[in-house]
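J.: Structure for this input, please:
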Amino acid sequence: MGQIDDVELDVRALFGALLRALPWLLLAAVLFASALYVGLNFVTPRYSAEAKILIESGESEITRAGTGTEEVRALLDSEGVASQVQLIGSRDLATTVVDSLSLASLKEFNKPRFLPGFDQMLVRIGLGRPVPEGSVEERVLQRFADRLDVFSIDKTRVITVGFSSTNPQLAARVANAVADEYLALEREARRSTNADATRWLESQIAELRTKVTSAEAKVEAFRTEHGLFSGGQNNTSLAQQKLNDLNAELARLVAARSAAEAKADMVRKSLASGATPDVPDVRDSQLIQRLREQQVALRAQIAQLSATLLPAHPRIRELNAQLGDLDGQVRREVTRILQSLDGEAATARAREADIGQDITRAKAATGQTNNDEVELRALEREATAQRDLLESYLKRYREASSRQDGNYLPADARIISRAAVPLEPTFPKKLPITAAATVALLLLAIAVIMIRELTSGRALRRISIGAPPMVADAVPVDGKIRWQDEATEPQPLDPPMPALARGLTAEAQDSLNSIVDHVVESKARRVLVSMAELGSTGRPLAAVALARALSRRGNRVLLIDLHADGADSKAMSAGDRLPGLTDLFAGIASFAQVIFRDRRSRAHLIPHGLLEFGPDTAKGERFVSILDALDQTYDQILLDADAEMALQLAAQSGAVIVVADGSASDPRAARAYEAMKAATSAEVMVLIAEAPTVAEDPELEDAVA
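T.: Residues are numbered from 1 along each chain as shown. Predicted coordinates:
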């Protein structure tokens, strides 16, 4: 195999060119730096001054309203601070500052930037801001905005107001004026808001007073019309109070009746048994107490006389008669008490009936009163709501009026650092600008020198690389052949060229590229390459060229060589007498042992093999299974076969390429084309390959490109 010519970067030549140009580079850098430094001295210096404003609630703990928490939180968040930044940079505030400081009279702000009309020309080409011609105010405001820089400091509520000018005193004065005008604008906004709120509250309060008076009048009129007067501890209506009293009286009468009936039953049972009833009414009777005392005295006298007199003695009999008379009087008194208790029970029952009727009437009246009270409460709620709203408006009105009259309108910000007159200019920084520009110029000059050396070829050198030979009797591992590690000099293949193999001409390569485009677009997986008729100049290696072209398109390509001459294997540097398809078909080799990689592309190759392979074998089930298994790994499988075997494989192919010597009108090409069209339904393409000369294809000495 021959040498491969290539180029590589000559670092020594490149650095030599840089060293030769170094004196001139240093001289140019020194001259440029000196000129730039001197030129910066003629640039008008610009000074910058900064004032800092802290955004916070201006209300004190004494005057802060209890409902202002949400407003304060909205003011102090990031969006609130950003809004204040926009307010400080607003056009209205800038106009006020420009007028108060008479900046329009200064040439720095009013002088035209370029010649008359040149500003407008810059605007037309997109290099300037549109400013109406003759508008002094617009020009001044534009330059004021260009010099004003307002921004918030990250993670704080501090806003920096910066202003740059050629006059340091003016820069500090404008920055402080912007901060002061911002605070004045905040106070004026509060004053205007309070005035508007006061006027609005006045109109609302006048209207609410009328509504409150009307609502309260409706409540009292409705209460009077329906007699809905309230009183008592629980502030209940009169009907409800009457019903409560009747219920209490009824409960008392029921209890008294029950007690009287119980006493009467007890007295009645005692009389029936002949005993004296032990009830409070009997015990408390004065007559019964005296009769009992007399009975006790008579029994004591009888007991005393019975000791000396017989029971039939007249005295004893008289005393017994008196004792029986006393018992009769007691029974009569108890009977009278019983009648009194029965009368009380009867009276209580009659009173219960009367009170029950009164309760029925009171319930009806209470129900009607409750219905009226529902409507009354609705009227009272309306009146209460109007009254509460009126009171809240009155409170706010008094607060707003007191602030307005007392001129207490604090701003929600304060200046924490006023701008001081700057001592040093912020532009131009002579040394940093000179150093940066000089370094940039040096880097640009170095880049130009390197590009010049590379484009001229002086920094490149030619090299020759020889492909190392493969180890003899190598066994592929994962589809790759191990190259010999220690090869001092490149050695050509033996033999250097297959006996019947040759490359393609430039015209054939162009036709082959068109065929490759068509195969990629049609996504054909199996492509059959067949020679129409072998000529005397050898077999064109069209299948090898096609496999390499498809591989360069990023496809996974496998070439299966079905020719026994081994030309494809020689061209792809896989070696000679290697196991291949016939050995895989016979089962004496695996896929990993028969798949080899092309030396010039990422295409893979399966050689013919060491055994014989007849045309009829292509119809066998094992051959179809092998192709199906390979379809799972590769995007395209190229089958390089002779005319006889190609007819057997044509039906299984997605595209057929007929390679012919001569021209398209050659009878051999026409016969092969018609035979393929009859054998398959896939698209058949013809590639005319003429034998190239050595001058046309130098790689004929090194297999095929």
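J.: contacts and neighbour counts: CA atoms only from here.
T.: Fine.
J.: Show me how far whichever helix or strand Ala383 is part of is from its chain's centre.
T.: Assessed by DSSP states H and E, Ala383 sits inside helix 314-406. When distances are taken as C-alpha atoms, centre = their mean, to the nearest Å, helix 314-406 is centred 70 Å away from the chain's centroid.
J.: now for that helix, which elements pack on it?
T.: Contacting helix 314-406 under the criterion 3 or more C-alpha pairs under 8 Å, 6 or more residues apart in numbering; DSSP states H and E are the following elements: helix 168-226, helix 238-273, helix 280-283, helix 286-305.
J.: residues in contact with the helix or strand just after it?
T.: Downstream of helix 314-406, the first helix or strand assigned by DSSP H and E is strand 413-417. With C-alpha atoms under 8 Å, 6 or more residues apart in numbering as the test, strand 413-417 has contacts from Ala51, Lys52, Ile53, Leu54, Ile55, Glu56, Ser57, Gly58, Ala179, Leu183.
J.: Buried only: go through the residues you listed for me.
T.: Ala51, Lys52, Ile53, Leu54, Ile55, Glu56, Ser57, Ala179, Leu183 (16 or more other C-alpha atoms under 10 Å).
J.: Okay, the residue nearest to the fourth one when sequence neighbours are not counted and Asp598: tell me how far apart.
T.: Closest residue to Leu54 in three dimensions, ignoring its sequence neighbours and counting by C-alpha to C-alpha, 6 or more residues apart in numbering: Val158, at 4.5 Å. Taking C-alpha to C-alpha, to the nearest Å as the measure, Val158 and Asp598 are separated by 70 Å.
J.: Which helix or strand in the chain has the lowest average pLDDT?
T.: strand 501-502 (a mean of 49; mean pLDDT, DSSP states H and E).
J.: What are the buried residues along the very next helix or strand once past that strand?
T.: Using DSSP H and E, the helix or strand that directly follows strand 501-502 along the chain is helix 506-522. For helix 506-522, a neighbour-count test (16+ other C-alpha under 10 Å) marks Ala508, Gln509, Leu512, Asn513, Ile515, Val516, Val519 as buried.
J.: picking up where we left off before, tell me the average confidence for the helix holding Ala383?
T.: For helix 314-406, mean pLDDT rounds to 78.
J.: ok, and what's touching stretch 140-158?
T.: Stretch 140-158 is contacted from outside by 52-56, 76, 78, 81-82, 85, 88-89, 91, 94-95, 98, 103-104, 109-110, 159-165, using C-alpha under 8 Å, 6+ apart.
J.: Repeat the analysis, applying 7 Å as the threshold.
T.: Residues outside stretch 140-158 that contact it (C-alpha atoms under 7 Å, 6 or more residues apart in numbering): 52-55, 81, 85, 89, 104, 109-110, 159-164.
J.: from those, which has minimum pLDDT?
T.: At the low end of pLDDT for the contacts of stretch 140-158 is Asn110, which has 81.
J.: what's the neighbour count on that residue?
T.: 18 (other C-alpha atoms under 10 Å).
J.: Over to Gln84?
T.: Around Gln84 there are 21 other residues, counting by other C-alpha under 10 Å.
J.: ranges for the helices of the stretch 501-650 of the chain?
T.: Remark: helices assigned in the stretch 501-650 of the chain by DSSP state H, counting those that start in this stretch are 506-522, 542-552, 567-571, 581-586, 591-594, 621-631, 643-649.
J.: Could you identify the most distant pair in the buried ones among the contacts of strand 413-417?
T.: Ala51 and Ser57 (19.2 Å; C-alpha to C-alpha).
J.: which regions of the stretch 151-300 of the chain lie under the pLDDT threshold?
T.: Applying pLDDT under 70 to the stretch 151-300 of the chain picks out residues 228-240, 270-285, 292.
J.: Just the buried positions in the host helix or strand of Arg452, please.
T.: Using DSSP H and E, Arg452 sits within helix 430-456. Judged by neighbour count (16+ other C-alpha under 10 Å), helix 430-456 contains these buried residues: Ile433, Thr434, Ala437, Thr438, Leu441, Leu442, Ala445, Ile446, Ile449, Met450, Glu453.
J.: I'd like the residues you listed as TSV, with distance to Leu558 appended.
T.: Below are those laid out as TSV (distance: C-alpha to C-alpha, whole Å):
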residue	distance to Leu558
Ile433	62
Thr434	63
Ala437	58
Thr438	58
Leu441	54
Leu442	53
Ala445	51
Ile446	49
Ile449	47
Met450	44
Glu453	43
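J.: Identify the residue with the minimum pLDDT among those residues.
T.: Glu453 (82).
J.: Which neighbouring residues are in contact with it, exactly?
T.: By C-alpha under 7 Å, 6+ apart, the residues touching Glu453 are Leu14, Ala459.
J.: In strands, which of the buried ones among the contacts of strand 413-417 fall?
T.: Using DSSP state E, the members of the buried ones among the contacts of strand 413-417 that fall in strands are Ala51, Lys52, Ile53, Leu54, Ile55.
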